[in-house]
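K.L.:
here is a sequence together with a model predicted from it:
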Amino acid sequence: MSALLDVAGLHAGYGGTQVLFGVDLCVPEGGVLALLGRNGMGKTTTVRAVMGLLPASGGTIRFAGADMAGAPAHRVARAGIGLVPEGRQVFPTLTVEENLIATAASPRQGLSPWTLERVFGLFPRLAERRRHYGNRLSGGEQQMLAIGRALMTNPRLVILDEATEGLAPLVRADIWQAVRTLRADGLSLLIIDKHVDILATLADQVAVLEKGRVVFSGTPSQLAADPHVRARYLSV
């Protein structure tokens, strides 16, 4: 599969503190990359740099062949990257339906369009609460809404930062089922989450970050065959 998102030698940080040291990542067209690592290792910083929310100090970011390094966030979104941010960040004083409409973008050629009806089909619970305000939803419902909001941009790639953090087991199961549906539909995904065993059933490739550096890159089966990596870089 050809690379849709190709990150090479990425350096970034905050103020005078460098956080990323030459990060390399690749999400193939129609593929799924799991980005793993303990808290504070640079996962969200990587996402922020890719999305144009944090300037990169070095390296390249290419999406669908176009240079995205230094591009503002709105240009990155228009290019076709949808973000489900850590903490969900839904609009609290807008209804579910208004949250979804607020980010709607025109369909992309060759892709099945995301509409309100299609999002409600993926998450029936949102259809039941379409008139409820964002701040009246449970954490799980807010996460569904955040995913639906990203899909309404009609993206080619969706980044899920902490896909199921803080969610009850039954709600997590609903989120993972939705992710499986998106994967089966051929949507490219970059997923950050702590549930390594579940991600192993979804991802084509895995990258592990440790102190801003990629310390493992390979398939889920290769990660499973290397207990040293899991014990040293992923165990709490």
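P.N.:
That came in fine, so what should we check first?

K.L.:
against Trp114, how distant is Arg149?
P.N.:
To Trp114, Arg149 is 10 Å away according to C-beta to C-beta, to the nearest Å. Bear in mind the C-beta positions are built from the backbone N, C-alpha and C, glycine included.

K.L.:
who has more neighbours, those two?
P.N.:
Arg149 (26 against 23; other C-beta atoms under 10 Å).

K.L.:
ok now do that one, which residues does it touch?
P.N.:
84, 90, 99-100, 102-103 (C-beta atoms under 8 Å, 6 or more residues apart in numbering).

K.L.:
make a ChimeraX selection of the buried ones in those residues.
P.N.:
Here is the ChimeraX command that picks out the buried ones among those, judged by 16 or more other C-beta atoms under 10 Å:
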select :84,90,99,100,103
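
K.L.:
what's the farthest-apart pair in the contacts of Arg149?
P.N.:
Val84 and Ala102 (14.9 Å; C-beta to C-beta).

K.L.:
now tabulate the contacts of Arg149 in TSV and tack on secondary structure.
P.N.:
What follows is these, written out as TSV (DSSP: H, G, I helix; E, B strand; the rest coil):
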residue	secondary structure
Val84	strand
Val90	coil
Asn99	helix
Leu100	helix
Ala102	helix
Thr103	coil
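
K.L.:
mind listing the strands in this structure by residue range?
P.N.:
Assigned by DSSP state E, the strands in the chain fall at 3-14, 17-28, 32-36, 56-63, 66-67, 81-84, 157-161, 188-192, 205-210, 213-218.

K.L.:
can you say which of the ones you listed is nearest to Ile175?
P.N.:
strand 157-161 (8.8 Å).

K.L.:
do a quick rundown of the helices in this structure.
P.N.:
With DSSP state H as the criterion, the chain has helices at 43-50, 73-79, 96-102, 116-122, 124-128, 139-151, 169-184, 196-202, 220-224, 227-229.

K.L.:
dump those into JSON lines; add distance to Leu25 as well.
P.N.:
As requested, the helices of the chain are exported to JSON lines (distance: least, C-beta to C-beta, whole Å):
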{"stretch": "helix 43-50", "distance to Leu25": "7"}
{"stretch": "helix 73-79", "distance to Leu25": "15"}
{"stretch": "helix 96-102", "distance to Leu25": "29"}
{"stretch": "helix 116-122", "distance to Leu25": "26"}
{"stretch": "helix 124-128", "distance to Leu25": "30"}
{"stretch": "helix 139-151", "distance to Leu25": "19"}
{"stretch": "helix 169-184", "distance to Leu25": "18"}
{"stretch": "helix 196-202", "distance to Leu25": "15"}
{"stretch": "helix 220-224", "distance to Leu25": "15"}
{"stretch": "helix 227-229", "distance to Leu25": "17"}
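
K.L.:
find the nearest non-adjacent residue to Leu5, please.
P.N.:
Val27 (4.1 Å; C-beta to C-beta, 6 or more residues apart in numbering).

K.L.:
next up, the contacts around that neighbour.
P.N.:
Contact partners of Val27, counting by C-beta under 8 Å, 6+ apart, are 3-5, 33, 157, 188-190, 205.

K.L.:
low pLDDT regions in the protein?
P.N.:
Judged by pLDDT under 70, the chain has its weakly predicted residues at 1, 236.

K.L.:
residue nearest the centroid of it?
P.N.:
Residue closest to the average C-alpha location in the chain (C-alpha atoms, centre = their mean): Ile159, at 1.7 Å.

K.L.:
so Gln205 sits against Cys26, correct?
P.N.:
Yes. Under the criterion of C-beta atoms under 8 Å, Gln205 makes contact with Cys26 at 7.3 Å.

K.L.:
and for those two, which residues touch both?
P.N.:
Leu33.
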